[in-house]
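Engineer: Sequence first, then the predicted structure, then my questions.
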Amino acid sequence: MFSTEGTVPTPGARGTARPATDNPQSPTKTGHPLRVAIIGGGPGGLYAAALLKRLDPAREVTVWERNAPDDTFGFGVVLSDETLGGIEHADPAVYEALQKQFIRWDDIDIVHRGTHHASGGHGFAALGRKRLLEILHDRCRALGVELRFRSEAPYPDWLAQTNDLVIAADGVNSTTRESYAHVFRPHVATHHCRYIWLATDFAFDAFRFEIAETEHGVMQLHGYPYAPDASTVIVEMREEVWQSAGFAELDPQESVERCAKIFADALGGRPLRSNKSAWTTFRTVVNERWSDGNVVLLGDAAHTAHFSIGSGTKLAVEDALALAACLEEQPSIESALEAYEEERRPVVASTQRAARASLEWFENIALYLDQPTRQFAFNLLTRSRRVTHDNLRLRDAHFTASVERAFGCPPGTPPMFTPFRLRGLTLRNRVVVSPMDMYSAVDGDPGDFHLVHLGARALGGAGLVMTEMVCVSPEGRITPGCTGLYTGRQAEAWKRITDFVHAQAPGTAIGIQLGHSGRKGSTKLMWEGMDEPLEDGNWPLVAASPIPYKPESQTPRELTRAQLIDIREQFSAAARRAARAGFDLLELHCAHGYLLSGFLSPLTNLRTDAYGGTLADRLRFPLEVFDAVRGVWPEDRPMTVRISATDWAEGGTTGEEAVEIARAFAAHGADAIDVSTGQVVAEERPEFGRSYQTPYADRIRHETGIPVIAVGAISSWDDVNSLILAGRTDLCALARPHLYDPHWTLHAAAEQGYDGPGIGWPTAYRAGSRRPQTGRTDAPKPRLTLGT
């Protein structure tokens with residue numbers, strides 16, 4: 001992209017080029033950058049300048065900043081201990097200057113419906129943004145960095161021709177990024193809330209969250225101290241609330257005064273002040289590439305993360321530290337920029353996932369207002385999934401214990417080991433072994449493998465163990481290795497398994513998941529080629545509409561009404577066999593693009609009859625099947641439904657539709673909704689991450705009041721405790737962790753020191769109910785300090 005040869009850009013290309021210097025020179029073309037231009041004089045750009053100059057005083061480092069030295073936007077800046085540790089190691093002078101300015105505090109205060117809850121042990125450090133910039137300005141000048149204020153930077157292509165390295169630290173509205181969008185390929189997502197950055201002339205004694213329920217909707221205040229006599233105040237609300245409250249018609253000062261009136265209690269009647277503040281909408285910036293040639297993005301130009309986790313300046317400073325280190329360690333600028341991106345991208349992606357979870361929690365805060373106040377506070381504190389139940393218990397055991405008591409945890413009982421009732425079935429804990437296809441059956445018959453597989457996980461302590469998807473007909477199998485329940489022989493084989501579970505793992509329930517593959521059938525075993533058609537021995541496929549799953553897949557036939565009746569009866573017959581086989585719970589599989597899911601999604605159901613079109617019509621056949629199964633399934637035994645709450649594809653099932661789908665099944669008698677996502681269309685683009693599907697379960701639970709099962713990258717007992725106690729789900733289904741450790745739940749109990757009624761160690765295993773001893777890893781602590 002950025003040529004290192006050629007002439008100065010002329011009008012007609014990218015506008016009139018402004019020269020970087022009156023006497024432009026060519027870059028040194030060495031692996032060690034000696035001439036560095038930095039676009040943007042925010043904390044990230046300034047700190048990068050100071051580091052690079054300190055590492056090599058011979059470097060020519062120039063910072064271009066369009067604003068004056070004392071211009072700044074916003075008020076306070078929060079930095080973590082981790083970031084400060086990096087600064088201390090890299091530049092003690094900056095660290096010492098910062099240390100003298102920091103305001104430190106430990107508590108978070110949450111005010112909800114007049115009730116105040118405080119949680120301690122969090123550890124924050126903040127200072128004024130203006131003071132931070134002054135410290136960095138002084139350090140840059142002391143090191144010999146050239147600071148050009150009130151100066152628009154030359155075009156990046158010109159800078160790239162006359163410098164060894166160009167660092168674009170020009171913020172969320174980066175002109176560098178936008179000028180070369182075809183190279184960096186940015187993705188910018190706007191969100192649903194408006195916010196304004198203000199200040200007040202007194203110091204909060206904690207990080208304060210206050211919720212105001214107004215006639216227009218919910219508004220929230222985020223406040224924290226940044227000086228002995230000043231605090232940052234951010235007021236945030238959804239766009240429709242902002243419009244309804246009339247903020248769009250107010251001038252800036254009127255907006256400030258209105259915010260001060262709404263949050264008068266939090267402010268003690270004090271006024272708010274502005275610093276060129278304006279209402280804005282947060283934008284999440286993601287770039288497919290961070291560098292090209294000798295130009296690299298840094299800080300908000302490369303990525304943004306919502307202010308509610310206090311990460312913008314932190315990420316920019318950490319970017320600067322990493323970039324400077326990579327330039328020192330690598331033999332060339334190219335390899336250094338590659339190493340920088342490789343090092344920082346996973347950290348940034350993780351932070352952005354946490355920030356998005358936090359952002360969306362505040363966008364949907366109205367869902368949680370009716371929670372008990374302590375649970376609401378815990379939910380807020382753990383919203384990003386970075387603060388967890390165990391982590392919060394270490395920070396503030398008293399607060400966490402109070403939340404547990406309010407939830408109903410008996411003393412010494414982790415939330416995951418509290419019971420949960422579904423119809424006539426009481427599960428002794430909240431852990432579910434998620435359905436996992438094993439592809440190990442012969443002619444649909446479950447064999448010794450399934451007995452050992454399911455039996456081992458039942459012995460492992462989970463409250464509920466689910467079978468894989470059990471197919472209702474030979475043609476409804478995904479692969480030749482899938483189990484079925486369409487013969488009496490299969491029913492007897494399943495009964496052998498349920499008898500074992502009930503006899504050898506008393507207190508563990510076993511459930512069956514019934515389904516039909518639809519257009520995703522007649523494929524190879526997973527390890528031979530997932531979703532690939534069989535090379536021979538194929539059977540014909542049927543679906544809502546004649547659309548193949550992948551271009552190379554078999555095209556299914558559109559089901560006729562007569563065939564719909566036949567399949568409905570196959571489900572009913574399988575349900576009768578399941579009841580006789582002794583299953584405690586039945587789940588109807590309406591997710592992942594299989595037959596019933598194919599009716600629900602507008603991407604896979606293009607029918608023009610009564611079974612296609614509107615959501616109500618797309619629901620018609622799945623509900624007919626549900627009614628038929630519920631009609632033959634014993635009244636006292638619960639039924640659940642697994643759905644894909646999003647297709648992760650444009651034009652697919654929306655979050656609003658997922659809520660309505662859940663409501664419809666609940667109205668027909670579903671006892672809980674098992675909330676998964678995706679696998680409906682091959683072109684999906686899921687946003688993977690820890691507990692990434694949980695927000696969909698959370699939304700359904702709070703909008704409908706229906707019990708939910710959360711699933712998807714839930715891997716630790718700490719996550720389970722956090723999700724349950726926050727009220728985001730009722731049960732947690734884990735798959736891969738139970739492949740790694742069949743006794744996952746038993747070990748979770750042992751690691752938490754729990755041995756109550758929510759867990760049942762098999763008698764033969766009880767000797768292993770404590771964690772095994774290991775060698776000592778501690779060393780004698782120093783006792784004396786001797787002088788010389």
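Structural biologist: Yep, that arrived.
Engineer: quick one, helices of the stretch 351-500 of the chain?
Structural biologist: 373-381, 389-395, 397-407, 448-459, 488-504 (DSSP state H, counting those that start in this stretch).
Engineer: Tell me which residues touch Val659, please.
Structural biologist: Neighbour list for Val659: 699-700, 703-704 [criterion: C-beta atoms under 8 Å, 6 or more residues apart in numbering]. Quick note: C-beta positions are derived from backbone N, CA and C, even for glycine.
Engineer: What about these, which one has the most neighbours?
Structural biologist: Ile700 (27 neighbours; other C-beta atoms under 10 Å).
Engineer: How about that residue, nearest residue that isn't a chain neighbour?
Structural biologist: Ala662 (4.7 Å; C-beta to C-beta, 6 or more residues apart in numbering).
Engineer: shouldn't the one you found be in contact with Arg642?
Structural biologist: No. Using C-beta atoms under 8 Å, Ala662 makes no contact with Arg642, being 11.0 Å away.
Engineer: doesn't Gln371 make contact with Asn379?
Structural biologist: Yes. The pair Asn379 and Gln371 qualifies as a contact (C-beta under 8 Å) at a distance of 6.4 Å.
Engineer: So for those two, which sits in the more crowded spot?
Structural biologist: Between Asn379 and Gln371, Asn379 has the larger neighbour count (other C-beta under 10 Å), namely 22 against 17.
Engineer: For the closest residue to that one other than its chain neighbours, list the residues it contacts.
Structural biologist: Spatial nearest neighbour of Asn379, excluding adjacent residues (C-beta to C-beta, 6+ apart): Ala726 at 4.2 Å. Contacts for Ala726 (C-beta under 8 Å, 6+ apart) come out as 375, 378-379, 382.
Engineer: And stretch 601-620, end to end?
Structural biologist: 12 Å (C-alpha to C-alpha, to the nearest Å).
Engineer: Please apply the same query to stretch 529-547.
Structural biologist: Stretch 529-547 has an end-to-end distance of 20 Å (criterion: C-alpha to C-alpha).
Engineer: and the residue nearest to Asn379, what are its phi and psi?
Structural biologist: phi -80, psi -10 (degrees, to the nearest 10).
Engineer: now do Trp648
Structural biologist: phi 50, psi 40.
Engineer: Next, count neighbours for it.
Structural biologist: Around Trp648 there are 18 residues (other C-beta under 10 Å).
Engineer: Equivalent analysis for Phe73, please.
Structural biologist: Around Phe73 there are 13 residues (other C-beta under 10 Å).
Engineer: repeat for the one 10 residues further on
Structural biologist: As a burial measure, the neighbour count of Thr83 was computed by other C-beta under 10 Å and equals 19.
Engineer: how close does it sit to Gly299?
Structural biologist: The gap separating Thr83 from Gly299 is 13 Å, by C-beta to C-beta, to the nearest Å.
Engineer: same thing with Thr555?
Structural biologist: 50 Å.
Engineer: now swap in Val347 and tell me
Structural biologist: 13 Å.
Engineer: re the thing from before, what helix or strand is the residue nearest to Ile700 located in?
Structural biologist: In the assignment (DSSP states H and E), Ala662 maps to helix 655-667.
Engineer: Would you enumerate the residues in contact with the closest residue to Pro186 other than its chain neighbours?
Structural biologist: Spatial nearest neighbour of Pro186, excluding adjacent residues (C-beta to C-beta, 6+ apart): Asn287 at 4.9 Å. Asn287 is in contact with 177, 184-187, 297, 302-303, counting by C-beta under 8 Å, 6+ apart.
Engineer: Would you mind giving both backbone torsions of Asn287?
Structural biologist: phi -120, psi 140.
Engineer: got it, and the one 3 residues further on?
Structural biologist: Reported as degrees, to the nearest 10, the phi and psi values for Trp290 are phi -110, psi -10.
Engineer: who's in contact with it?
Structural biologist: Contacts of Trp290 (C-beta under 8 Å, 6+ apart): 184, 296-297, 302, 337, 340-341, 344-345.
Engineer: returning to that earlier point: ranking the contacts of Ala726 by neighbours, who comes first?
Structural biologist: Ranking the contacts of Ala726 using other C-beta under 10 Å puts Phe378 first, with 29 neighbours.
Engineer: my read: it touches Arg728, true?
Structural biologist: No. Distance between Phe378 and Arg728: 10.6 Å, which falls outside the contact criterion (C-beta under 8 Å).
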